[in-house]
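**Student:** I would like the atomic coordinates for the input below:
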Amino acid sequence: MRFTETTLPGVLLIELEPHDDERGYFMETYRAEAFAEAGIVTRFVQDNQSGSRQGVLRGLHYQIQQPQGKLVRVIAGEVFDAAVDLRRSSSSFGNWVGMRLTAEERKMVWVPPGFAHGFYTLSDWAEVLYKVTDAFAPQHDRTLIWDDPDVGIEWPLPDGKPPRLSEKDAQGKRLAEAEIFDHLPVAGDSEGWVT
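**Tutor:** Below you'll find the predicted structure:
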């Protein structure tokens, strides 16, 4: 595995190294030792998988309590994946990073706790698999609106056509009114997160 910093500190692009032969391929997608060497020392507690049709945008999601780190991988199709730093004390607060993830390229992205995360489906169909560091807590689930002009994510929308959204995602809040993280998340910390 090769770990590369993105333009957003803490968000890492991870390139997997498949071993191909005439039968197909084999690859490691997670090894605690390799992740620890890259500075990701965490425990994953839940795996999630979604399937989405072209034009669907899911996000930008985060949990204001029990924040989740996410290890995101596309196992079918192609998406544009985005993360936004919601940690007020961070030098990159309010900034975003986005990248295309495809099943064929076999790359993953690590999105630490304290970030909003979402993706837009580019292919006819895409399946996204992600490991998370804390369980889903609906009472703490929040959504940052996908098109907040103060954040300015450059989603690759064909011909400017609006994405297909869930009702929840369509009602997301702008950064200026959203609950954000007062300080950088620390594993096991659940107090003092919101403003």
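
**Student:** surely residue 68 touches residue 140?
**Tutor:** No - contact criterion Cβ atoms under 8 Å: residue 68 and residue 140 do not qualify, at 9.7 Å. For glycine as for every other residue, the C-beta is placed from the backbone atoms N, C-alpha and C.

**Student:** buried ones in the longest helix belonging to the chain?
**Tutor:** Assignment by DSSP state H gives helix 32-37 as the longest helix of the chain. For helix 32-37, burial by neighbour count (16 or more other Cβ atoms under 10 Å) applies to residue 35.

**Student:** switch to numbering from 12
**Tutor:** Fine by me, first position is 12 from now on; the one you just mentioned is helix 43-48.

**Student:** which residues are in contact with that helix?
**Tutor:** Residues outside helix 43-48 that contact it (Cβ atoms under 8 Å, 6 or more residues apart in numbering): 12, 39, 52-53.

**Student:** what do you get if the cut-off is 6 Å, keeping everything else the same?
**Tutor:** residue 12 (Cβ atoms under 6 Å, 6 or more residues apart in numbering).

**Student:** let's see it as CSV, backbone CA atoms only.
**Tutor:** C-alpha atoms of helix 43-48 as CSV (Å, rounded to 0.1, in the frame of the first residue of the first chain):
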residue,chain,number,x,y,z
ALA,A,43,-3.2,-2.3,10.9
GLU,A,44,0.7,-2.2,10.9
ALA,A,45,0.8,-0.4,7.5
PHE,A,46,-1.9,2.0,8.5
ALA,A,47,-0.1,2.8,11.8
GLU,A,48,3.1,3.5,9.9
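
**Student:** what are the pairing partners of the helix or strand following that helix, and which direction each?
**Tutor:** Following helix 43-48 in sequence order, the next helix or strand is strand 57-64 (DSSP states H and E). Applying DSSP bridges to the sheet, strand 57-64 is found paired with strand 136-143 (antiparallel).

**Student:** pull out the buried residues from the partner strand.
**Tutor:** Within strand 136-143, the residues scored as buried using 16+ other Cβ under 10 Å are 137-143.

**Student:** and the residue lying farthest from the centre of the chain, how close does it get to residue 43?
**Tutor:** Here the chain reaches farthest from its C-alpha mean at residue 33, the gap being 33.6 Å by Cα atoms, centre = their mean. To residue 43, residue 33 is 31 Å away according to Cβ to Cβ, to the nearest Å.

**Student:** other residues contacting whichever strand or helix holds residue 128?
**Tutor:** Per DSSP H and E, residue 128 falls inside strand 126-132. With Cβ under 6 Å, 6+ apart as the test, strand 126-132 has contacts from 63, 65, 67-73, 81, 90-97, 122, 155, 166, 174.

**Student:** ok, and the closest non-adjacent residue to residue 68?
**Tutor:** Spatial nearest neighbour of residue 68, chain neighbours left out: residue 174 (3.6 Å); criterion: Cβ to Cβ, 6 or more residues apart in numbering.
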